[in-house]
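Undergrad: Pasting a predicted model and its sequence here:
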Amino acid sequence: MSGHSKWATIKYKKALTDAKRGKAFTKLIREIMMAAKLGGDNPENNAALRLAIEKAKDLNMPADNIKRAIAKGAGGPGSNALERVFYEGYGPAGVAIMLEGLTDNRQRATSEIRHIFSKYNGNLGENGCVGWLFERKGTLRIGKQEINEDSLFSLILEAGAEDLKTEKDEYEIIAKPKDLEKVKKFLKEKGVKINASSLTMIPKSTVKVEGKDAENFLKLIDDLEDDEDVQNVYSNFDIADEVIEAITAK
């Protein structure tokens, strides 16, 4: 599972660069609009909106952009243009892939995603073909410099989280989606700084990918995440950190 964390870190760093920031802003604006459309414009009563706003602030999105996105999603012009789309398929070496998207043109989105899959020897499948391999969870990421592992483990047990995973530079806390906000609030009250939080799909098992398949797979994931209609990409790949670093450094 370490490869997932390494890839998430790389993608986050890419989003901070000027070349990627504009596209990241566009995706987050859509996410904020949809959250406001479905749950209202008050983040205090809308957990999805609150989470989207936090992600936008993490990438230093201007406050005015956030406000405009909320207003548009909550009933402004164009608020009904977006719809949620979900895709499932297989990449090289039989790796399972799930996509969550927001689009104003379902036909265009499907056509482009199918093309990206086929470009890297993958296959877009029917909805449900890989969904059973994943579980919806909430995650929190905390830098190791913040707290030692034993102390953090005691805190998350008290807060009601499910698991703690230790990576090279960070801890990853896993919780049920309904408990994410409660765990986050508890840790903040204890003075623990949280680097990032999200709702995600965690694989129940993983597929080891090596060699040329690993390179093709990461290119596939990169292109999918770059697509304007794709919000989130989930997969059950297992690629060694050093292999990911070598491929992304090319």
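TA: Great, that's in hand.

Undergrad: Tell me how far the residue lying closest to L224 once chain neighbours are set aside lies from A96.
TA: Of all residues beyond its chain neighbours, the one nearest L224 is V233 (5.1 Å), with distances taken as CB to CB, 6 or more residues apart in numbering. Quick note: C-beta positions are derived from backbone N, CA and C, even for glycine. In this view, V233 and A96 are 11 Å apart by CB to CB, to the nearest Å.

Undergrad: quick one: L102 is in a strand?
TA: Yes. The assignment for L102 by DSSP: H, G, I helix; E, B strand; the rest coil puts it in a strand.

Undergrad: Now it: closest residue in space, sequence neighbours ignored.
TA: The nearest residue in space to L102 (CB to CB, 6+ apart) is R30, at 4.5 Å.

Undergrad: Tell me which other helices or strands the single longest strand found in the chain touches.
TA: Secondary structure assigned by DSSP state E gives strand 134-143 as the longest strand of the chain. Judged by 3 or more CB pairs under 8 Å, 6 or more residues apart in numbering; DSSP states H and E, strand 134-143 is in contact with strand 170-175, helix 180-189, strand 196-203.

Undergrad: Tell me which of the ones you listed lies nearest to I244.
TA: Shortest separation from I244 across the helices and strands packed on strand 134-143 is recorded for strand 170-175, at 15.5 Å, computed as CB to CB.

Undergrad: got the contact list for the closest one?
TA: In this structure, residues lying in contact with strand 170-175 by CB atoms under 8 Å, 6 or more residues apart in numbering are 5, 9, 137-144, 149, 152, 156, 160-166, 183, 187, 195, 202.

Undergrad: just stretch 218-228 next, same as before
TA: Stretch 218-228 is contacted by residues 7, 11, 23, 26-27, 91-92, 97, 99, 101, 109, 112-113, 116-117, 119-120, 122, 230, 233, 235, 237, 239, 244, 247-248 when judged by CB under 8 Å, 6+ apart.

Undergrad: what residue is smack in the middle of the chain?
TA: N232 (4.9 Å; CA atoms, centre = their mean).
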